[in-house]
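*Asks:* Sharing a model prediction with you, sequence too.
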Amino acid sequence: MLRPASRAASQIQLWEKMWDDPYVKSFRMFEKWSTEVLPLAGEYFRQTTKELMWDNKLYEGKLTIKGRPADIKNITVPVFHADAEHDHIVPYGRCAAACGRR
């Protein structure tokens, strides 16, 4: 939806390289990976989206899980955060603070 021509362009590139077995294999593996999604129950998805994205409850300190408050300070799982020079959603450098750069 964000880049409607990219799918057609990749198909044309595949057509041009269809005799290149390593390229075709790599293309097929990436296509499979990029189109796979985990099935989520509709209500779970709606609730998670509303609470975490729209209402920003975790950041605001208002999120509860099983009746207990979820404090963002207690989350100790490491996070890999990267930005990309040609990212069309988040411009390069916008996430510099989150990536640990200034």
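*Replies:* Ah, there it is.

*Asks:* For the residue of the chain most remote from its centre, which residues are in contact?
*Replies:* For the chain, the largest distance from the centre (Cα atoms, centre = their mean) belongs to Trp19, which lies 31.9 Å off. By Cβ atoms under 8 Å, 6 or more residues apart in numbering, Trp19 lies in contact with nothing. The way it works is simple: take the backbone N, C-alpha and C, and place the C-beta from them, glycine included.

*Asks:* Which helix or which strand is home to it?
*Replies:* Secondary structure assignment for Trp19, by DSSP states H and E: no helix or strand.

*Asks:* where's it relative to His86, distance?
*Replies:* According to Cβ to Cβ, to the nearest Å, Trp19 and His86 sit 29 Å apart.

*Asks:* Lys50 now?
*Replies:* Distance, Lys50 to His86, by Cβ to Cβ: 31 Å.

*Asks:* So for those two, which sits in the more crowded spot?
*Replies:* A side-by-side neighbour count of Lys50 and His86, using other Cβ atoms under 10 Å, places Lys50 first with 11 against 6.

*Asks:* Helix, strand, or coil at that one?
*Replies:* Going by DSSP: H, G, I helix; E, B strand; the rest coil, the secondary structure assigned to Lys50 is helix.

*Asks:* What does the pLDDT read for it?
*Replies:* Looking at Lys50, its pLDDT stands at 93.

*Asks:* All the helices of this structure, residue numbers only.
*Replies:* 4-16, 21-35, 42-48, 57-60 (DSSP state H).

*Asks:* Pick the most deeply packed of these.
*Replies:* helix 57-60 (a mean of 12; mean count of other Cβ atoms under 10 Å).

*Asks:* send the alpha carbons of it over as CSV?
*Replies:* Extracted as CSV, the C-alpha positions of helix 57-60 are listed here (Å, rounded to 0.1, in the frame of the first residue of the first chain):
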residue,chain,number,x,y,z
LYS,A,57,-1.0,3.4,27.9
LEU,A,58,2.4,1.7,28.5
TYR,A,59,4.2,5.0,28.2
GLU,A,60,1.5,6.9,30.1
